[in-house]
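Colleague: Sequence plus predicted model, see below.
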Amino acid sequence: MEETSESDSGSARGTKRKRVTEPRDRDSAGSGSDSSGSPFRRPKAPLMPICTEEDGTVLYGFTDDQDVMDRYHDDMQKYIKKRDRHKRMLTLAPSSVTERRTFKETESVLKYAESVLSLSAYLDGKMINQCTGIVVEVDAFRNSAIILTSTWLFCTKKPLDDWTKKEYATEAKVNVHMLDDSTLECRLMFFSEHYEIAFFEISGDISLKTLSLECNVELGQDVFLLARDTNLNLIYKRDKVQLVDPCEHQQNHYQFLNGPIPQCGTGGGVLDAGGKIVGMLFYKLPLVAFIPSSLILKCSTMWQHFRQLARPQLGLKLRTLAFLDIPRIELMSRKFSISSGLIVGEISAKCDAEKLGIRAGDIIFSCQKERVSSIVQLEHVLLGVGEEHLQKSNDLSSKVEVEIGVFHVRKRIQRFITLRVGLSDHLEVFHSDDEDAKAEGNTGEEGPAAAACEAKP
């Protein structure tokens, strides 16, 4: 997108409001030479009688007059071009609607869409990424708003494996593309490298509506997705929360939908029937991922209180036992008297869990004496441990104790193990071998420097 600056005298705190000038299809907007031109009609074929059948039916064919035929072909070419232009008009373009919906549902989605914007990040004048953002807070007194989006917006190095280090351009210039085609520059307030969420603030002469974050989302729940494409057009899709675990290269806390969405849909909202945000979208393969709003709210609350996050890093890749086929769950219930929990998929080399005998296939059924049957539940418990630590100290270089209940499938025994693990607000990095772990200090986490942090003003 190219921008031409137009100072807005009503903008607050020196923020510049700009009018975006984009090459748009004039016909798609309903304007152009056809708007007041001749009626749209197919040219009449120049036919003449050829012969008459026995029953009196007259058969027609094209005229032999070459000049007339040439004019007809010219008129047909103009007709085809005009027809194609009509197909690009908003009102005449073919509709892709396949689902049934009521007028009330349409009105509701249009209202919710007013809180879904587009953001683009620039470094040295070049665009890094463009994605979607959700207005989650408006301060009318300060003429400001807070927008939730993904760190993917300003990520300059994003490996396929979510468990490996990424690079972020926190100094990037970020623009919010408003629905009136203007732009506002915004300020990075806070981001979490591990959960890949970011909050930006915009200020100025704005009038925005918010969407509320809702903690509860159920497996199999009917939801719908709202996002923006690169042209600011709305992306809308009905979907259902899937009973699927992350792939081995994806973080534990993701939940999934069928999708698909384009990459610029990252940062979009997953909404329930009442219009509450139950999650934020991520472009992932093979399924679209989202982070539940309950974790976003937990991170936001911790940052507001302590200006940092603290998350114990266990060094475990996990799967949900309840996602196994029912006959297997029934067999485990009969054989082991266990039917819920989290299955250990892989263990980071040299982490405390590995040293204390936890192995792939074991089942974690509790954490800090709380039963856990989903990864999101475990994440909440871990963030609770981090929050409790920050209430006593802001030192992330110390370790904390995390008690987990483990069922060892091979030995068919149950144990409660206390892990001494590091705290970090960085991405949890997974080490697949001993040499990799030694390079990072045998801990399975990065150093204590803040990656989930308050951005510099």
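Modeller: Now that the structure is in, tell me what you want to look at. Keep in mind that this is a model prediction, so the values were computed, not measured.
Colleague: Tell me which residue is most central in the chain.
Modeller: residue 281 (2.0 Å; CA atoms, centre = their mean).
Colleague: where's that residue, which helix or strand?
Modeller: Per DSSP states H and E: residue 281 is located in strand 277-282.
Colleague: I figured the residue nearest to the centre of the chain was touching residue 263, is that so?
Modeller: No: if you go by CB atoms under 8 Å, residue 281 and residue 263 don't touch, sitting 10.5 Å apart. All C-beta spots, glycine's among them, are computed from the backbone N, C-alpha and C.
Colleague: quick one: low-confidence ranges for the stretch 201-350 of the chain?
Modeller: Nowhere does the stretch 201-350 of the chain drop to pLDDT under 70.
Colleague: What ranges does it have for its strands?
Modeller: 222-228, 234-240, 255-257, 269-271, 277-282, 288-292, 311-312, 316-320, 342-347 (DSSP state E, counting those that start in this stretch).
Colleague: can you redo the ones you listed as TSV with distance to residue 426?
Modeller: Listed next are the strands of the stretch 201-350 of the chain as TSV, based on distance: least, CB to CB, whole Å:
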stretch	distance to residue 426
strand 222-228	28
strand 234-240	31
strand 255-257	23
strand 269-271	26
strand 277-282	19
strand 288-292	17
strand 311-312	9
strand 316-320	17
strand 342-347	19
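Colleague: Of all those strands, which one is nearest residue 399?
Modeller: Closest approach to residue 399 among these (CB to CB): strand 311-312, 8.7 Å.
Colleague: any residues touching the closest one, and which ones?
Modeller: Strand 311-312 is contacted from outside by 194, 382-383, 385-386, 400, 402, 421-425, 428, using CB atoms under 8 Å, 6 or more residues apart in numbering.
Colleague: Pull up the pairing partners for it, direction included.
Modeller: According to DSSP bridges, strand 311-312 has the following sheet partners: strand 413-424 (antiparallel).
Colleague: mind checking the longest strand of this structure?
Modeller: Secondary structure of the chain per DSSP state E: the longest strand is strand 126-139.
Colleague: quick one: that strand to strand 222-228, angle?
Modeller: Relative orientation of strand 126-139 versus strand 222-228 (axes from the mean of the first three to the mean of the last three CA atoms, to 10 degrees): 120 degrees.
Colleague: Can you name the element that comes right after strand 126-139?
Modeller: strand 144-150.
Colleague: helices or strands next to that following strand in the packing?
Modeller: strand 116-123, strand 126-139, strand 197-203, strand 277-282 (3 or more CB pairs under 8 Å, 6 or more residues apart in numbering; DSSP states H and E).
Colleague: Hey, what's the angle from it to strand 277-282? Just curious.
Modeller: 60 degrees.
Colleague: quick one: average confidence on strand 144-150?
Modeller: Strand 144-150 shows an average pLDDT of 96 in the prediction.
Colleague: How about stretch 378-394?
Modeller: pLDDT averaged over stretch 378-394 gives 93.
Colleague: ok, and what's touching that stretch?
Modeller: By CB under 8 Å, 6+ apart, stretch 378-394 touches 252-253, 294-295, 298-299, 302, 305-306, 308-312, 314, 318, 342, 364, 367-368, 370, 372, 398, 400, 402, 423.
Colleague: can you rerun that using 6 Å?
Modeller: The contact list for stretch 378-394, computed with CB atoms under 6 Å, 6 or more residues apart in numbering, reads 253, 295, 298, 302, 306, 310-312, 367-368, 370, 372, 400, 402, 423.
Colleague: How about stretch 50-60?
Modeller: 47, 49, 61.
Colleague: change it to 8 Å
Modeller: Contacts for stretch 50-60 (CB under 8 Å, 6+ apart): 47-49, 61.
Colleague: Report the separation between the closest residue to residue 372 other than its chain neighbours and residue 332.
Modeller: Nearest non-adjacent residue to residue 372, counting by CB to CB, 6 or more residues apart in numbering: residue 378, 4.7 Å away. Distance of residue 378 to residue 332, given as CB to CB, to the nearest Å: 19 Å.
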